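Colleague: pasting the sequence and the predicted coordinates here, then a few questions.
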Amino acid sequence: MSDTRLAQAKAAPAEALGLYLHVPFCASTCDFCAFYQVKPTAQDVKMFLAAIESEAGLVAWRRPVTTVFWGGGTPGLLAPADLHRLGEITLRQCGGQPEEWTVELAPGSVTDERLTALKSLGVTRISMGVQSFQPALLDALGRQHTLAQIHRAYERVRRAGFASVNLDLMFALPGQSETEWAADVAAAVALAPDHLSTYCLTFEEDTALWVKLSQGRVKLDPEHEARLYEATWDRLGAAGYAQDEISNFARPGHVCRHNLNTWRMHEWVGLGPSAASQHDGWRGANIADLRKWHARVEQGRRMTEDRLALTPSQLAEDAFIFGLRMNEGVAVSPWRERAPDAPWLELEEIWQRLSEDGLAECADDRVRLTRRGRLLADTVGLEIMRTFQEPARR
């Protein structure tokens with residue numbers, strides 16, 4: 001970004017712009033994971049870094065990047081020198097230091113050398129995928145790290161002095177009892193991370209867990225899941241973590257702004273194979289294949305999969321689907337003004353019915369789900385989606 005364009009962009013407040021960078025390398029595939037990943041080779045890493053730089057050059061960067069998120073895969077599998085090169089590519093496109101920069105790391109990939117490289121770049125948040133503190137459950141998930149590695153990695157991250165540290169946990173795992181989940185939450189709280197993400201296990205197609213589900217080797221139990229949700233909310237609230245979204249909790253000042261901006265339907269650019277973008281009036285994704293992605297970038301093509309020209313109504317639909325997962329809910333008037341063609345009569349009927357059923361609160365131009373309503377957020381989201389797909393009444 002040129003100095004003149006950067007100065008112009010900083011002269012007036014602008015909508016947040018995120019950058020998501022997908023690092024597709026993983027040493028092994030966990031049973032639950034549906035994200036695109038490959039085992040790294042030296043040649044693949046070299047090709048990836050060159051193609052990321054080329055792809056970044058294809059984007060119309062019209063303003064500075066506000067937040068950065070490196071996900072995967074496992075970004076921590078890259079060597080320190082490669083992390084530094086990837087960081088320099090990122091910073092060139094950001095127009096300066098982003099306000100928040102998150103990097104996902106697996107416990108087994110955390111080394112002092114990698115952390116030093118990330119800290120020198122200005123990374124502000126490390127998100128570590130712990131998943132469980134129970135060795136048997138880690139093994140059942142196909143996770144490669146041990147309990148000792150979790151604690152050793154956490155100590156190293158804290159010692160490196162990052163502004164925020166996040167831990168990811170998963171619940172409703174096959175064979176996991178409520179007592180075991182309570183122990184996992186207690187173990188996480190004992191480490192005192194700044195942010196906790198607690199995800200209910202989902203069965204994605206083309207994963208090992210999906211196969212087990214289809215074979216009847218594991219079963220779904222929605223009532224059990226609901227109990228675990230509510231117990232988690234109570235325990236983390238008592239421990240001083242404020243819930244900002246169904247699965248995300250933070251101490252004051254440590255909310256993940258990149259996530260918030262995404263849920264609020266701001267723009268983000270996705271770089272790397274399988275990375276999705278919502279930018280410049282379009283939504284789409286890169287192909288989930290390292291070599292095909294590289295070839296398309298070399299041809300000057302990106303965001304070729306599921307490419308959709310965004311309309312105000314489309315954005316309003318997603319703003320409510322994702323926004324109602326947040327405790328703050330959604331302010332209605334800005335979207336009513338921005339998307340006058342959305343099915344507002346039908347939406348008002350939904351809000352009214354949810355309110356009468358004790359599932360939502362509608363006040364001060366804002367609709368938000370109650371605690372009981374958030375347990376049914378997926379069902380509410382499906383109803384909103386169907387409403388937008390049907391012709392609106394006039």
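Modeller: Good, I have the coordinates.

Colleague: next, the contact list for the residue positioned nearest the centre of the chain, please.
Modeller: Centroid-nearest residue in the chain, with Cα atoms, centre = their mean: residue 259, separated by 5.9 Å. By Cβ atoms under 8 Å, 6 or more residues apart in numbering, the residues touching residue 259 are 245, 248. For the C-beta atoms, the positions are set from N, CA and C on the backbone; glycine is no exception.

Colleague: can you name every helix or strand that the lengthiest helix in the chain contacts?
Modeller: The longest helix of the chain (DSSP state H) is helix 222-238. For helix 222-238, the elements it packs on are strand 164-171, helix 178-191, strand 195-200, strand 242-245, judged by 3 or more Cβ pairs under 8 Å, 6 or more residues apart in numbering; DSSP states H and E.

Colleague: what angle do that helix and strand 195-200 make?
Modeller: Orientation check (axes from the mean of the first three to the mean of the last three Cα atoms, to 10 degrees): helix 222-238 against strand 195-200 gives 170 degrees.

Colleague: report the inter-axis angle for the helix or strand hosting residue 129 versus strand 195-200.
Modeller: Assigned by DSSP states H and E, residue 129 belongs to strand 125-131. Interaxial angle, strand 125-131 versus strand 195-200 (the same axes, to 10 degrees): 30 degrees.

Colleague: pLDDT below threshold where in the stretch 51-200 of the chain?
Modeller: By pLDDT under 70, the low-scoring segments of the stretch 51-200 of the chain are 143.

Colleague: if we can go back for a sec, can I get the helices and strands packed on helix 222-238 in JSON lines including distance to residue 231 and mean neighbour count?
Modeller: Shown next, in JSON lines, are the helices and strands packed on helix 222-238 (distance: least, Cβ to Cβ, whole Å; neighbours: other Cβ atoms under 10 Å):
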{"stretch": "strand 164-171", "distance to residue 231": "9", "mean neighbour count": "22"}
{"stretch": "helix 178-191", "distance to residue 231": "7", "mean neighbour count": "17"}
{"stretch": "strand 195-200", "distance to residue 231": "10", "mean neighbour count": "20"}
{"stretch": "strand 242-245", "distance to residue 231": "13", "mean neighbour count": "18"}
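
Colleague: redo the ones you listed as CSV? Include distance to residue 271.
Modeller: Converted to CSV, the helices and strands packed on helix 222-238 look like this (distance: least, Cβ to Cβ, whole Å):
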stretch, distance to residue 271
strand 164-171, 21
helix 178-191, 31
strand 195-200, 23
strand 242-245, 24
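
Colleague: residue 310: which of these is closest?
Modeller: Closest approach to residue 310 among the helices and strands packed on helix 222-238 (Cβ to Cβ): strand 242-245, 22.5 Å.

Colleague: ok, then the element right after that closest one?
Modeller: Following strand 242-245 in sequence, per DSSP H and E, is strand 248-250.

Colleague: tell me what that next one is packed against?
Modeller: Judged by 3+ Cβ pairs under 8 Å, 6+ apart, the packing partners of strand 248-250 are strand 195-200, strand 242-245.

Colleague: identify whichever of the helices and strands packed on helix 222-238 lies nearest to residue 311.
Modeller: Closest among these, using Cβ to Cβ: strand 242-245, at 25.3 Å.

Colleague: dump that closest one to CSV, restricted to CA.
Modeller: Provided in CSV are the C-alpha atoms of strand 242-245 (Å, rounded to 0.1, in the frame of the first residue of the first chain):
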residue,chain,number,x,y,z
ALA,A,242,-17.8,-12.7,29.9
GLN,A,243,-19.6,-14.5,27.1
ASP,A,244,-19.6,-12.6,23.9
GLU,A,245,-20.8,-15.4,21.6
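
Colleague: tell me the average confidence for it?
Modeller: Per-residue pLDDT values over strand 242-245 give a mean of 97.

Colleague: cool, and stretch 308-322?
Modeller: 95.

Colleague: in the longest helix of the chain, what's buried?
Modeller: For helix 222-238, burial by neighbour count (16 or more other Cβ atoms under 10 Å) applies to 224, 228-229, 232-233, 235-236.

Colleague: save those residues as CSV, and put in distance to residue 314 and pLDDT too.
Modeller: Shown next, in CSV, are the buried residues of helix 222-238 (distance: Cβ to Cβ, whole Å; pLDDT from 0 to 100):
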residue, distance to residue 314, pLDDT
224, 35, 84
228, 33, 93
229, 29, 93
232, 32, 96
233, 31, 97
235, 38, 97
236, 34, 98
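
Colleague: all helices for the stretch 51-200 of the chain, in order.
Modeller: 80-94, 112-121, 135-141, 147-160, 178-191 (DSSP state H, counting those that start in this stretch).

Colleague: tell me the SS of residue 358?
Modeller: coil (DSSP: H, G, I helix; E, B strand; the rest coil).

Colleague: residue boundaries of the helices in the stretch 251-394 of the chain?
Modeller: For the stretch 251-394 of the chain, the helices defined by DSSP H, counting those that start in this stretch cover 257-263, 290-298, 312-323, 332-338, 344-356, 371-374, 377-389.
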